[in-house]
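[1] quick one: sequence plus predicted model below, questions after.
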Amino acid sequence: MKAATLVEASDGDNLGLRSRRGTALRSLVGIAVLGAALVVAVPAAHPDAARTRTELLGRSVRGEPIHVLERGDPDSPLKILVVGCIHGNEPAGIAVAEQLEALPLPKELDLVVVESANPDGVRAGTRTNANGVDLNRNFPWRWAKRGARGDLTYSGPRVLSEPESRSLAALIRRVRPQITIWFHQHLGIVDESGGSIAVERRFATLVGLPLRRLQRNRGSVASWQNHLFPGTTSFVVELPAGSLTGREARNYADAVAALAG
């Protein structure tokens, strides 16, 4: 009755009421049907939708932020972690990490990127962090106190004594990456680091570097991850000396993405 009353008040034409009411009802039915069709047509959110997010991983000795970027499918079983720099005077891998922040990725990949884990060292141009500790000698794998502040490979006073190494250890435990790549310099090789030699060899082939086995150092992060999570592959890529060109950095980034294929 409300619809009829509204029509009458609007038109003042009782003779046209039935016709107008029928037209109105048909319009309402049509709108309802169309609305139902629209509801059906809207797809549900895809559970594996890709995402990009950045978070503060931690801070350096001098309070510099260390950020981590995650791209791709967070539910993917394949997680790759890339750390562009851990020794401050070996920064060329930062350019590779930057390329990975915008590179098209395979669908089934969760990529985690840390541009630099040692911002104080990068700023000062030193291998060590601001406490004089070699972060790649500060992890729990066969750690032993070695050297003293001022030595290039000083292990620190105790395991995970440094805020940078603690942040990295927490990230690795949380993400549990199947593959982790640590960029270093200046040898121009891929290190056979103790994970899957097939993965290491494939990456070496993709980037055109020889595969060699370097000395296993106490407290190294790659050895720690390989022993903490058997079946994963954490390995070192020793880039050549100097900076990478944009094309060279893209080549390394493409090789990282290709490991997901």
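    Nice, I can see it. Numbering: from 1, shown residues only.

[2] now do the top strand by length along the chain: distance to the chain's middle.
    Longest strand in the chain, counting residues (DSSP state E): strand 179-191. Strand 179-191 sits 18 Å away from the centroid of its parent chain (Cα atoms, centre = their mean, to the nearest Å).

[3] so which elements touch that strand?
    For strand 179-191, the packing partners by 3 or more Cβ pairs under 8 Å, 6 or more residues apart in numbering; DSSP states H and E come out as strand 79-83, helix 93-100, helix 197-207, strand 211-212, helix 221-228, strand 233-240. Quick note: C-beta positions are derived from backbone N, CA and C, even for glycine.

[4] figure out which of these is closest to residue 138.
    Nearest to residue 138, of all the helices and strands packed on strand 179-191, is helix 221-228, at 8.3 Å by Cβ to Cβ.

[5] residues making contact with that closest one?
    Where contact means Cβ atoms under 8 Å, 6 or more residues apart in numbering, the residues beyond helix 221-228 that reach it are 86, 135-136, 139-142, 165, 168-169, 172-173, 177, 180, 182, 191, 193-195, 216-217, 232-236.

[6] just the buried ones from those residues?
    86, 135-136, 139-141, 165, 168-169, 172, 177, 180, 182, 191, 193-195, 217, 232-236 (16 or more other Cβ atoms under 10 Å).

[7] give me the mean pLDDT for the longest strand of the chain.
    Averaging pLDDT along strand 179-191 gives 98.

[8] and the angle for that strand with helix 221-228?
    130 degrees (axes from the mean of the first three to the mean of the last three Cα atoms, to 10 degrees).

[9] what's the spacing between residue 85 and residue 210?
    22 Å (Cβ to Cβ, to the nearest Å).
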